[in-house]
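J.: quick one, structure for this:
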Amino acid sequence: MSLIPNEALKIEVDGATVDFFELVKDGISRYYFDTSKCGPPDPMVNAMSGLKLIKNNNNTLVMINHKAPGGLFAKLESDVAHSVEDLDGGLVKITFTNVNAGVDSDLTQTACH
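T.: Here you go, the predicted model:
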């Protein structure tokens with residue numbers, strides 16, 4: 001069972017090591033990726049690559065992972081908001097949005113520590 005909508009289209013994302021998908025609705029893009037079967041550093045690497053897609057716009061990024069990425073959250077400044085939803089099977093869905101808070105998260109730091 002895929003947690004990514006069937007109607008989402010596969011896209012290329014620079015630096016990504018997993019497939020990314022885009023679903024456009026009402027002119028807003030929602031990007032998806034699944035790192036639930038990946039170990040470090042892939043979740044961090046892919047999240048940082050995906051976050052570049054939503055920088056300074058109204059798009060959102062959805063990450064499916066095996067746990068909430070606390071190390072990633074610690075790297076984000078107040079310009080990126082996130083919410084965590086527990087899914088069946090012990091997975092989590094993290095939704096990231098850009099909030100244009102006047103600061104810029106450093107999206108080049110892909111190390112987990």
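
J.: buried ones in stretch 67-74, by neighbour count?
T.: 68-69, 72 (16 or more other CB atoms under 10 Å). The C-beta positions use only the backbone N, C-alpha and C, and glycine is treated the same way.

J.: go on, stretch 80-90?
T.: Going by neighbour count (16+ other CB under 10 Å), the buried part of stretch 80-90 is 80, 82.

J.: circling back: mind putting the buried residues of stretch 67-74 in JSON lines, distance to residue 9 and secondary structure included?
T.: Formatted as JSON lines, the buried residues of stretch 67-74 follow (distance: CB to CB, whole Å; DSSP: H, G, I helix; E, B strand; the rest coil):
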{"residue": "68", "distance to residue 9": "27", "secondary structure": "coil"}
{"residue": "69", "distance to residue 9": "25", "secondary structure": "coil"}
{"residue": "72", "distance to residue 9": "25", "secondary structure": "helix"}
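
J.: which one of those sits closest to residue 50?
T.: residue 72 (10.7 Å; CB to CB).

J.: in the chain, which spans are helices?
T.: Ranges of helices in the chain, per DSSP state H, are 42-51, 70-75.

J.: what packs against the shortest one?
T.: Here helix 70-75 is seen to pack against helix 42-51 when contacts are counted using 3 or more CB pairs under 8 Å, 6 or more residues apart in numbering; DSSP states H and E.

J.: with the longest one instead?
T.: The helices and strands touching helix 42-51, judged by 3+ CB pairs under 8 Å, 6+ apart, are strand 20-25, strand 28-34, strand 60-65, helix 70-75, strand 92-98.
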